[in-house]
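Here you go, sequence then predicted model.
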Amino acid sequence: MKEECLICQAPLEYLGTETLMECALCHRQEMSQTRCINGHYVCNECHTKGMDAVIGYCLNETSKNPVEILDHLMSLPFCHMHGPEHHTLVGAALLTAYRNAGGEIELLTALKEMMARGRKVPGGACGFWGSCGAAISTGMCMSILSGATPLTQESWGQSNLMTARSLLKIGEVGGPRCCKRNSYLSLQAAAEYFQVTKGVTLEMKPIVCHRSDANNQCIGKRCPFHPSHTIPQS
């Protein structure tokens, strides 16, 4: 199914200003700019229900490739084609690959912090904030690894540079949204920066997206991960 509204599968619409919405699933009321054309709204918490399974999965993961880990996470039942879950999954995949590649980290503690921070970045941040949540997730990861706070020096800079590098890759490709594409681009930027700042080499292989058919807004060949790029030319 090409997902849009989780209730009726109708296309989503984005409003010009925040409006008080009631979640169609839990009836929580909160401000948002997103709903489907039939008026259904699903809050971030309901959209990411079941995401706590990520911690157990990551603790048992052995791969040093964050893309491979992310693909596994995105295949779990709670993850949709688009949604704020990616704002946590990118950082979780990075932290896990970093540990598996020899990085010094207490993974359980780091994953819990990643979950707490990532869940605070709402859906639609890519368009409304000009700062994609997948990129923010890489900055959060760097902040957790380096112990950055608003008062630190080098780690503060590294965390912001991590986000900036991810955003640059995302912005150069352009929109519209694709949580899968932006997540892959962010992981590429993060792997490069980990090598420079942490001296930890993550395994990275050519990325081919296998979910393009499920994305109504897929940009096709303009996406660097579109499967058409792997088709031999006659």
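Received the coordinates, thanks. This is a predicted model, so every value here is computed, not measured.

Checking the closest residue in space to Pro227 that isn't next to it in sequence next. Helix, strand or coil?
Of all residues not flanking Pro227 in the chain, Val208 sits nearest, at 5.6 Å (CB to CB, 6 or more residues apart in numbering). Where you see a C-beta, it was placed from the backbone N, CA and C, and this is true even at glycine. When classified by DSSP: H, G, I helix; E, B strand; the rest coil, Val208 comes out as coil.

Val208 and Thr17: what is the separation?
39 Å (CB to CB, to the nearest Å).

higher neighbour count, these two?
Val208 (14 against 6; other CB atoms under 10 Å).

Surely the more buried one and Pro224 touch.
No. Between Val208 and Pro224 there is no contact under CB atoms under 8 Å: 10.0 Å.

related to what we said a few turns ago, which residues touch the residue nearest to Pro227?
Under the criterion of CB atoms under 8 Å, 6 or more residues apart in numbering, the neighbours of Val208 are 225, 227, 229-230.

Same question for Met140.
Going by CB under 8 Å, 6+ apart, Met140 touches 91, 114, 117-118, 159.

6 Å instead, please
91, 117 (CB atoms under 6 Å, 6 or more residues apart in numbering).

quick check: longest strand of the chain.
strand 12-22 (DSSP state E).

Next, the buried residues of that strand.
Buried positions in strand 12-22, judged by neighbour count with 16 or more other CB atoms under 10 Å: 12, 21.

What is the neighbour count of the closest residue to Cys26 other than its chain neighbours?
Sequence neighbours aside, Cys46 is the residue nearest to Cys26 in space, at 5.5 Å (criterion: CB to CB, 6+ apart). Neighbour count for Cys46, taken as other CB under 10 Å: 14.

what helix or strand does Cys46 sit in?
Cys46 belongs to helix 44-47 when elements are defined using DSSP states H and E.
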